[in-house]
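J.: My questions are about this predicted structure, shown below with the sequence.
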Amino acid sequence: MSNSPLVKTVILSPNHSGERTMAIDRITPHCVVGHCSLTTLGNIFAPTSRKASSNYGIDDQGQVGMYVEERNRSWCSSSSANDQRAVTIEVASDTKAPYAITNGAWSGLVALCEDICKRNGKKRLVWIPDKQKALDYSPAADEMLLTVHRWFANKSCPGDYIYNRLGELATIVTRMLGGSAEIPEEPAQQPQNDTGEKQTDKIIWDFLKAAGLTDYAVAGVMGNLYAESGLKPNNLQNSFEKKLGMDDATYTAQVDNGLYTNFVKDSAGYGLAQWTYWSRKQALLAYAKEHDKSIGDLQMQLEYLWKELSGYKGVMQQLKNAKSVLEASNAILTGYEKPADQSAAVQKKRAGYGQTFYDLYAENFKPYTVKVTATALNVRKGAGTSYPVTTVIRDKGIYTIVEEKAVGNNTWGRLKSGAGWICLYYTKKV
C-alpha cells in the first residue's frame, strides 16, 4: 500500500495500531481547530501520551504532511471500525465555529482526496449526509465513502464549514477521477468562508464572466488553471520548492520584499497560470509593482491574466465560438498554456476539471420537453455512448430534459425521470 506523493513533511507518530485489518474504502476529513503548520501538527501527534494521530495533515497553503503511513490505522475518529477503513486527514482551520479553512487548504484537500482515491483504485467519492444511511452503505469496489468524526463522538468535527462542503468535495473529486457524479437539483450556494468572502474558484468564475466569456469558455480556462496551480495564486512549481528551499508563502514573500531577486530568470512556474518564461514573469512582476500588489495577489493576477490572454486573438476567437467545455479547454491548453504534454488524456483531464466548475456555477438550466423521433432510442447511465444502456425508449413519446452536456459532436440531455441520458439528435423540441 503506497503513500501520497503529495507529502511535503513526514513526522511519523507512534500512535497507531499497526497494519489495517480492512481495506481502505473511506476518507474522513477533520478540522485541526488551529492554523498550525505541518511541523506543529506532527509535534502534536509525536508524544505517546497524546494517544491521537491522523494519516495526513493539510496546512493553510494546501501542503500535505504524513504522520501515520496509509497502510496503518491511525487514532483519529473515536471509532476503531472507521479508522481501520478510513484514510484520516486533519485540515488546518479557524479556532471557532464554523471552523473555516483557507482556499489553499481546500485545494489541498481536493487534491489529496483525488490522489487517495486514484491510488486505491476508486472512481467515485460518495457523500451521504444521513449518518445511518451512510454507515449502512456498502461502497462498490470503485467507490470511496466520506465519513465524519461527529458521527462517532460528541464533537462538531470537522466543523460546519467543511461538513457543508462535503457534497461539493465529492462532486469535484469524482469529476477529476473521470467518474459519474450526480449534480444536486438545486443550484449550489456560492461557497463562502466565515468572513462572508467568496472562495477562490467563485471569484475567478465571476471575474471571467464579467469580462465577457461564456460559461463554456470560463470553465475551459478554469480547468486549465486548476491543472496548473490548483487555483492557488501563490503557487510555486512543486519541483522548485526543494531546489530553491522555499515553499509557496516564503517564495512569494521574498520576491515581494526584494530578498529574492531571481524571480524573472529562475524558470520556476508561478501563480494561477504557472507563468514560467522570463518575459511573462517579468511582465507579471512589473504589473504587480505598478499596482502595488503582492505577486501572489489573486485579483492582480486575474487582471494580468486577462490582459495577457486578450493578446491571444486566435485563442479568444476559439473561446468565443466554443460549443463545449472541451473545445474551450483545448483552446487554452494548446494555444495559451502550451505544456509539453497535450495528449488526449491530458485534454480529457483538464476538460473534466473545467466541467466541474461548469456544473457548479453555470447559469441555471431551464428544463424543456422533447419528442423522441427515433424508433428505438437508448437511455444511458451518463452523457455519451461510453456509458451503459439502462433502458430503451420505443414510444416516440414526450420527455422533459433537465440538463444538457455536449459530448463530441452531439448534445445529450438528462431525463427528469432519472432514467438517464439520451442523445438529443434523435429528438425534436416541443
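T.: Arrived safely.
J.: for the stretch 151-300 of the chain, what are the low-confidence residue spans?
T.: Applying pLDDT under 70 to the stretch 151-300 of the chain flags the ranges 179-198.
J.: before we move on, which element is Lys320 in?
T.: Under DSSP states H and E, the secondary-structure element containing Lys320 is helix 313-321.
J.: what's that helix packed up against?
T.: helix 215-229, helix 325-332 (3 or more Cβ pairs under 8 Å, 6 or more residues apart in numbering; DSSP states H and E). The way it works is simple: take the backbone N, C-alpha and C, and place the C-beta from them, glycine included.
J.: Try it again at 10 Å.
T.: helix 215-229, helix 298-309, helix 325-332 (3 or more Cβ pairs under 10 Å, 6 or more residues apart in numbering; DSSP states H and E).
J.: Pull out the buried positions in it.
T.: 315-316, 318-319 (16 or more other Cβ atoms under 10 Å).
J.: Can you tell me which of those residues is nearest Gln347?
T.: Gln318 (13.7 Å; Cβ to Cβ).
J.: Quick check: closest non-adjacent residue to that closest one.
T.: What sits nearest to Gln318 in space, not counting adjacent residues and going by Cβ to Cβ, 6 or more residues apart in numbering, is Ala331, at 3.7 Å.
J.: And the pLDDT for the one you found?
T.: pLDDT for Ala331: 96.
J.: Between the two ends of stretch 258-273, how far is it?
T.: From its first residue to its last, stretch 258-273 covers 22 Å (Cα to Cα, to the nearest Å).
J.: Flag every buried residue along that stretch.
T.: Neighbour count says stretch 258-273 has 260, 263-264, 266, 268-273 buried, by 16+ other Cβ under 10 Å.
J.: Repeat that for stretch 67-81.
T.: For stretch 67-81, a neighbour-count test (16+ other Cβ under 10 Å) marks 67-68, 70, 72-79 as buried.
J.: pLDDT, distance to His291 and secondary structure added to those residues, as JSON lines?
T.: JSON lines is the format used below for the buried residues of stretch 67-81 (pLDDT from 0 to 100; distance: Cβ to Cβ, whole Å; DSSP: H, G, I helix; E, B strand; the rest coil):
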{"residue": "Tyr67", "pLDDT": "97", "distance to His291": "41", "secondary structure": "coil"}
{"residue": "Val68", "pLDDT": "97", "distance to His291": "45", "secondary structure": "coil"}
{"residue": "Glu70", "pLDDT": "96", "distance to His291": "44", "secondary structure": "coil"}
{"residue": "Asn72", "pLDDT": "96", "distance to His291": "49", "secondary structure": "strand"}
{"residue": "Arg73", "pLDDT": "96", "distance to His291": "51", "secondary structure": "strand"}
{"residue": "Ser74", "pLDDT": "97", "distance to His291": "45", "secondary structure": "strand"}
{"residue": "Trp75", "pLDDT": "96", "distance to His291": "49", "secondary structure": "coil"}
{"residue": "Cys76", "pLDDT": "95", "distance to His291": "44", "secondary structure": "coil"}
{"residue": "Ser77", "pLDDT": "94", "distance to His291": "46", "secondary structure": "coil"}
{"residue": "Ser78", "pLDDT": "92", "distance to His291": "49", "secondary structure": "coil"}
{"residue": "Ser79", "pLDDT": "92", "distance to His291": "51", "secondary structure": "coil"}
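J.: In CSV, list those along with distance to Trp151.
T.: Output for those, formatted as CSV (distance: Cβ to Cβ, whole Å):
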residue, distance to Trp151
Tyr67, 22
Val68, 21
Glu70, 22
Asn72, 22
Arg73, 17
Ser74, 17
Trp75, 16
Cys76, 13
Ser77, 8
Ser78, 9
Ser79, 8
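J.: for the residues you listed, which one is nearest Leu284?
T.: Tyr67 (36.4 Å).
J.: is it true that the closest one touches Thr40?
T.: No. Counting by Cβ atoms under 10 Å, Tyr67 stays clear of Thr40, with 11.6 Å between them.
J.: overlap in contacts of those two?
T.: Here Tyr67 and Thr40 share the contacting residues 11, 57, scored by Cβ atoms under 10 Å, 6 or more residues apart in numbering.
J.: Tell me which of the helices and strands packed on helix 313-321 approaches Glu90 most closely.
T.: Closest among these, once you apply Cβ to Cβ, is helix 215-229, at 23.7 Å.
J.: and Met144, that's in a helix?
T.: No. Met144 sits outside any helix when classified using DSSP: H, G, I helix; E, B strand; the rest coil, being strand.
J.: residues in contact with it?
T.: Taking Cβ under 10 Å, 6+ apart, we find Met144 in contact with 24-27, 86-87, 113, 116-118, 120-126, 170, 173-174, 177.
J.: For it, name its beta-bridge partners.
T.: With DSSP bridges as the criterion, Met144 is bridged to Leu125.
J.: Longest strand in the chain, by number of residues?
T.: The single longest strand within the chain, with elements called by DSSP state E, is strand 398-407.
J.: could you say what helices and strands that strand packs with?
T.: Contacts defined by 3+ Cβ pairs under 10 Å, 6+ apart place strand 398-407 against helix 325-332, helix 344-361, strand 368-372, strand 410-415, strand 421-423, strand 427-429.
J.: can you tell me the average pLDDT over the longest one?
T.: When pLDDT is averaged over helix 344-361, the result is 87.
J.: quick check, nearest of the buried residues of stretch 67-81 to Asp341?
T.: Nearest to Asp341 among the buried residues of stretch 67-81, counting by Cβ to Cβ, is Glu70 at 27.5 Å.
J.: quick one, what contacts the closest residue to the closest one other than its chain neighbours?
T.: Of all residues not flanking Glu70 in the chain, Asn3 sits nearest, at 5.1 Å (Cβ to Cβ, 6+ apart). Contacts for Asn3 were tallied using Cβ under 10 Å, 6+ apart; they are 10, 55-56, 66, 68-71, 87, 115-116, 119.
J.: where does Asn3 land in three-state SS?
T.: State at Asn3, reduced to three classes by three-state DSSP: coil.
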